[in-house]
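# Provided below are the primary sequence and the corresponding predicted coordinates.
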Amino acid sequence: MKENLRTQLEEYIDDWHCDMESYESAVIIGKFLFAFMNYLDDENLSERTLRRYQENVHLIGMFETENACNGCFYPEDLEIVDTYEFEYKETIAYTKTDIDYYRQTWNKLKKYVANKTYETYMEDLEEMFEYLTYANDVIEFTQTVRYLNIKDLKIIHDLKARTEQIEENYVDYEDCDSKATYNEFITKAWDETVAVYKIIDASNLTEEEKSDVLKKGKKLTDAFYMLVNN
């Protein structure tokens with residue numbers, strides 16, 4: 001669920017909200033259920049069972065958003081909340097098998113909450129969203145560097161190679177399967193950003209020309225530091 005995560009979330013919750021208050025609830029609940037579905041992915045369920053659970057999770061999110069109060073959502077409430085079975089039966093045409101799967105989905109969800117398993121999965125999901133937050137900073141910085149008015153071809157070549165490394169290592173986060181691997185890629189991007197920063201700072205550009213790119217470089221290195229040391 002990493003690819004285009006923010007877009008996926010917006011599309012997933014699209015029919016859950018009708019105003020800003022319900023939108024805020026939908027985002028919070030949607031993120032929580034995205035993390036839950038990542039947990040289900042790790043449960044080695046059959047493809048058919050996983051698909052049925054995912055369909056039910058979407059309905060649960062819609063029901064929970066409709067009943068949320070002032071954008072508030074507390075996972076622990078799911079242990080005691082009514083399972084919206086009445087709403088389920090009113091929303092779709094169902095069979096006994098459908099009801100059984102719906103109840104199984106709730107059992108999985110309640111266990112996920114009761115065991116605090118959601119804490120780890122939510123932490124991982126928030127890291128993915130944090131990654132996306134800084135993606136624009138990476139692009140903005142590398143593009144600014146490429147359009148600098150530098151005459152020295154050797155420096156231009158060096159900067160081009162380094163900015164490509166920054167983007168490559170940052171984007172490759174998508175394929176990371178562990179926090180350690182993720183940190184390795186981000187650290188490489190961080191090192192290259194520091195190198196670019198130093199090259200620009202030592203160049204013969206005017207202080208005004210340097211100012212914007214150095215400011216963006218500092219912002220990016222600070223972001224990488226936070227990502228690695230969080």
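Structure received. Numbers count the residues shown, from 1 in each chain.
# In the protein, where is pLDDT below threshold?
1-4, 70-71, 131-133, 135-136, 171-179, 230 (pLDDT under 70).
# 50 instead, please
Residue ranges of the chain with pLDDT under 50: 1-3.
# and it, what are its domains?
5-116, 120-229 (automatic domain parsing).
# ok, and what's touching stretch 29-45?
1, 5, 8-9, 12-13, 16, 50, 53-54, 57-58, 60-61, 64-65, 68, 73, 75, 108-109, 112, 117-118, 121-122, 124-126, 129 (Cβ atoms under 8 Å, 6 or more residues apart in numbering). From N, CA and C alone the C-beta is placed, and that goes for glycine too.
# ok, so what distance separates Ile199 from Thr144?
13 Å (Cβ to Cβ, to the nearest Å).
# before we move on, the earlier item: mean neighbour count added to the domains of the chain, as a markdown table?
Converted to a markdown table, the domains of the chain look like this (neighbours: other Cβ atoms under 10 Å):
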| stretch | mean neighbour count |
| --- | --- |
| domain 5-116 | 16 |
| domain 120-229 | 16 |
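# Kindly provide the distance from Glu24 to Lys31.
In this view, Glu24 and Lys31 are 11 Å apart by Cβ to Cβ.
# Please apply the same query to Asn149.
When distance is defined by Cβ to Cβ, Asn149 is 43 Å away from Lys31.
# Kindly list the longest helix within the chain.
The residue-count maximum for a helix in the chain (DSSP state H) belongs to helix 118-146.
# so what's the residue nearest the centre of the chain up against?
Centroid-nearest residue in the chain: Phe129, 2.6 Å away (criterion: Cα atoms, centre = their mean). When contacts are counted by Cβ under 8 Å, 6+ apart, Phe129 is found next to Leu5, Arg6, Lys31.
# With respect to Asn169, which of those residues is nearest?
Of all the contacts of Phe129, Asn169 sits closest to Leu5, with 19.0 Å by Cβ to Cβ.
# Among the contacts of Phe129, which are located in helices?
Among those, the residues falling in helices (DSSP H) are Leu5, Arg6, Lys31.
# Name the member of these with the shortest distance to Leu214.
Arg6 (28.9 Å).
# In contact with Arg162, which residues are there?
Residues counted as contacts of Arg162 (Cβ under 8 Å, 6+ apart) are Glu192, Ala195, Val196, Ile199.
# if we go to 10 Å?
Thr142, Val145, Asp191, Glu192, Thr193, Val194, Ala195, Val196, Ile199 (Cβ atoms under 10 Å, 6 or more residues apart in numbering).
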